[in-house]
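> Mind folding the following:
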Amino acid sequence: MCVFQQTGKSTGDKIALITRTDVMCHRMPNVLTYSKNRLLASLPSSSFERLRPHLQLVQMPLGQILHQQHVPFEHVFFPTTSAVSLVSVLKDGASAEIGLIGNEGMVGTSLLMGGGDAACQAVVQSVGEGYRLKAALLRTEFELSPPVLHLLLRYVQALMIQTAQTAVCNRHHSVDQQLCRWLLLTLDRVTTNQVSMTQELIAQMLGVRREGVTAAAGKLQEAGLIQYSRGTITVLNRTGLAARSCECYETVKQETDRLVPMPRREDAQADA
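Okay, here's the model as predicted:
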């Protein structure tokens, strides 16, 4: 079964509640919080100022579905402290993660390529915050500003590389290596060394059997790299985890850093 359908009615109730809460919690944050998302912080000043009044800081709770697969969407999201999984769901309910988005990017790239529907399901994997923006506003800026177009297309390329590398990793590398890659990519996109997710859900993310994840997590714990307890994985030795991972993690990280460089907004003063 798809991991995001397991909660049944309660999931729908939760999302509806969060939606109402979001409306109450929208606020204009101080300028420093914008720099937590690399795309927003890298926007040209003129484009940023046009979009800034429309950016809404919202809570992104675990399990919230931001975009449904093959359903038109009205908003894009720029995570700051949360991480969002892009999940492909098959007709029989099976699913697997094909991409992970955090503070380096945005959720809703199909908008930039001319598609109005989400190609896959976008679900919050790690609780946190992010900015919500009406898709039409970003699309207009994308079409009018060549620098914005180039910036966002570079990010699309980085996401495509991650998706392709995930497919290669899932086909050719061991579950141990896949788990290391997944944990490292997640840590790059959140502000903690902990990942709250059961082994069953991780197995569904990776598209492997739960027993495989249990065995892999056990090996990493015995090696002193992680500690697993009650649905929470704490990374104790990130360097050791990277050494144990396949080259896929480093490939994705290098390409993301190359295509979506850390922001150099001079800054905060110009946007204050």
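> need the contact list for residue 148.
43, 44, 47, 141, 142 (CB atoms under 8 Å, 6 or more residues apart in numbering). Where you see a C-beta, it was placed from the backbone N, CA and C, and this is true even at glycine.
> What residues of whichever strand or helix holds it count as buried?
Using DSSP states H and E, residue 148 falls within helix 146-172. Going by neighbour count (16 or more other CB atoms under 10 Å), the buried part of helix 146-172 is 148, 151-152, 154-156, 158-159, 161-163, 165-166, 169-170.
> and of those, the nearest to residue 179?
residue 169 (10.6 Å; CB to CB).
> What's the per-residue pLDDT of the closest residue to the closest one other than its chain neighbours here?
Counting by CB to CB, 6 or more residues apart in numbering, the nearest residue to residue 169 once its immediate chain neighbours are dropped is residue 248, at 4.1 Å. Note on residue 248: pLDDT of 95.
> how deep is residue 248 tucked in, by neighbour count?
Residue 248 has 25 neighbouring residues, counting by other CB atoms under 10 Å.
> returning to that earlier point: please list only the buried members of the contacts of residue 148.
Buried members of the contacts of residue 148, counted by 16+ other CB under 10 Å: 43, 47, 141, 142.
> Helices of the stretch 51-200 of the chain, start to end?
135-144, 146-172, 175-188, 199-206 (DSSP state H, counting those that start in this stretch).
> Tell me which other helices or strands the first one touches.
Put plainly, it is helix 135-144. The criterion is 3 or more CB pairs under 8 Å, 6 or more residues apart in numbering; DSSP states H and E, and the helices and strands that helix 135-144 contacts are helix 45-51, strand 75-79, helix 146-172.
> what angle sits between the helix holding residue 148 and helix 199-206?
Helix 146-172 runs at 110 degrees relative to helix 199-206, counting by axes from the mean of the first three to the mean of the last three CA atoms, to 10 degrees.
> Nearest to residue 62, out of the helices of the stretch 51-200 of the chain?
Nearest to residue 62, of the helices of the stretch 51-200 of the chain and by CB to CB, is helix 199-206 at 10.3 Å.
> next structured bit after that closest one?
Next in line after helix 199-206, if elements are assigned by DSSP H and E, sits helix 210-222.
> if I look at the spatially closest residue to residue 246 that is not a sequence neighbour, how far off is residue 206?
Nearest non-adjacent residue to residue 246, counting by CB to CB, 6+ apart: residue 177, 4.1 Å away. Here the criterion is CB to CB, to the nearest Å. By it, residue 177 lies 11 Å from residue 206.
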